[in-house]
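Peer 1: Turn this into a model:
(one chain, ligands or ions: 1)
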Amino acid sequence: MKREVAILGATGTVGQRFIELLQGHPWFEISVLAASERSAGKKYKEACKWRMETPMPEAVEDMTVVNTNLKEVKQAGNVDFVFSALPGSIAGPIEEEFAVEYPVVSKASAHRMKSDVPLIIPEVNPDHLQLISVQKKNRGWNGFISTDPNCSTIQLAITLKALMKFGVENVIVSTMQALSGAGYPGVPSLDIIDNVVPYISGEEEKMENETRKILGTFYGEEIQPANITISASCHRVNVKDGHLEAVYVGLEQKPTIEEVKEAFRNFVGEPQRLKLPTAPERPIIVKEEIDRPQPRFDRDAGKGMSVVVGRIREDPIMTVKYLCLGHNTIRGAAGAGILSAELMVKKGLL
Ligand code: NAP
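Peer 2: Next up, the predicted model:
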């Protein structure tokens with residue numbers, strides 16, 4: 001029997017991507033769609049301005065959207081767990097309300113840095129799921145909250161994890177982030193056509209702090225953040241999907257460029273070993289062409305779940321530099337949430 005899932009924020013950019021990716025999923029089935037009071041009471045096809053390139057799945061067209069509160073969601077259908085794609089500003093208390101009864105797999109920032117909340121990338125830190133038992137003990141909940149990182153952080157952390165064996169000491173990252181990262185309708189067209197906006201609120205702090213937590217060590221009952229200095233500069237560019245990042249890494253050791261490429265190419269994690277349905281065969285794909293990765297050509301690699309790395313070269317100040325690209329609403333959002341939930345199934349948490 002498939003596990004039944006409620007999606008909070010089902011009408012938004014990430015909510016739509018969850019619906020698209022969950023079509024025909026072997027383990028999960030959508031049972032409830034919830035959004036704001038603007039959408040509640042309407043059929044999904046009336047409430048949602050569908051912005052995916054594939055058609056809206058028939059199964060959700062006539063589902064009635066409910067308000068994002070525990071009582072209404074429970075009345076609307078059977079729920080085994082919850083995906084949250086709510087704005088970070090409102091997700092905090094709502095996710096806590098749901099976690100009293102249900103596991104909540106969240107894309108929102110509200111709980112990411114809480115000491116008893118896992119911040120998971122299944123290939124990078126699956127052992128951090130051990131925080132769930134700490135959290136349940138602390139809070140007395142039947143359910144729990146597990147979070148996925150910010151979209152720009154996920155692709156960076158995956159590439160850094162592959163380099164950890166060389167001793168990652170410090171990182172400078174400069175992002176070129178897609179418009180869909182700002183949700184819908186997102187950035188006004190007159191702000192971004194013929195332009196680059198060199199500021200994304202809160203993004204640089206998220207990249208710096210979340211990455212240290214993700215690459216940290218589970219120790220007793222908490223995560224000891226990784227001792228890495230990270231400096232991020234984040235920019236919005238006129239691209240629909242796919243964040244591109246220029247990354248400069250200082251390493252303790254001095255591997256050759258070929259050794260760095262091998263570390264990227266050979267990198268796999270638990271999702272690959274467990275053959276999880278949403279796991280890409282290769283979490284990192286190395287491009288040799290001098291002008292790749294590019295968002296338009298590379299964002300769908302591994303069905304949007306692979307991070308594409310290119311232009312790997314020595315750096316005269318740090319040790320190595322490269323470009324990495326990830327699909328922000330798939331590997332950076334809904335795909336990440338689904339992969340985390342698949343891992344939790346295998347760990348007996350869902
Ligand atoms: P979005 O397009 O603005 O969608 C927001 C969703 O939340 C909509 O379904 C909206 O419903 C609902 N909502 C808004 N206010 C609400 C309220 N007061 N009560 C209940 N529901 C409310 O945003 P998004 O881009 O999908 O982002 C969703 C979350 O994922 C955010 O926390 C974001 O930071 C995170 N995230 C986004 C990306 C990305 O690439 N976009 C990547 C990683 C993480 P209505 O339609 O009814 O207003």
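Peer 1: Now do the closest residue to the ligand within the chain: how many residues are near it, please.
Peer 2: Residue nearest to the ligand within the chain (CB to the nearest ligand atom): G12, separated by 1.9 Å. Just so you know, the C-beta spots here come from the backbone N, C-alpha and C atoms, and that holds for glycine as well. One way to gauge burial is a neighbour count; for G12, by other CB atoms under 10 Å, it gives 24.
Peer 1: That one and I172: what is the separation?
Peer 2: G12 sits 32 Å away from I172, going by CB to CB, to the nearest Å.
Peer 1: does N238 really touch I192, like I thought?
Peer 2: Yes - with contacts counted by CB atoms under 8 Å, N238 reaches I192, the gap being 5.2 Å.
Peer 1: Test for you: state the pLDDT assigned to the nearest residue to Q253 once chain neighbours are set aside.
Peer 2: Once its chain neighbours are removed from consideration, Q253 has its nearest residue in F166; the separation is 4.5 Å (CB to CB, 6 or more residues apart in numbering). Predicted confidence (pLDDT) for F166: 98.
Peer 1: Next: G220.
Peer 2: Residue-level confidence at G220 comes out at 84, pLDDT.
Peer 1: Could you report the neighbour count for it?
Peer 2: Applying the criterion other CB under 10 Å, we find 8 residues in the vicinity of G220.
Peer 1: joint contacts of N238 and I192?
Peer 2: When contacts are counted by CB atoms under 8 Å, 6 or more residues apart in numbering, the set common to N238 and I192 consists of L179.
Peer 1: Do you know the pLDDT at the residue lying closest to G186 once chain neighbours are set aside?
Peer 2: In space, not counting the residues next to it along the chain, G186 is nearest to L179; the distance is 5.6 Å by CB to CB, 6+ apart. Reading off the confidence values, L179 has pLDDT 98.
Peer 1: which residues in this structure form helices?
Peer 2: With DSSP state H applied, the chain shows helices at 13-22, 44-47, 58-61, 70-76, 88-99, 131-139, 151-163, 189-192, 203-214, 257-265, 270-273, 295-298, 335-346, listed in chain order.
Peer 1: The second one - what's its average pLDDT?
Peer 2: Taken as a whole, helix 44-47 carries a mean pLDDT of 98.
Peer 1: Now do the contacts for I223.
Peer 2: Neighbour list for I223: 115, 128, 131, 213, 216-217 [criterion: CB under 8 Å, 6+ apart].
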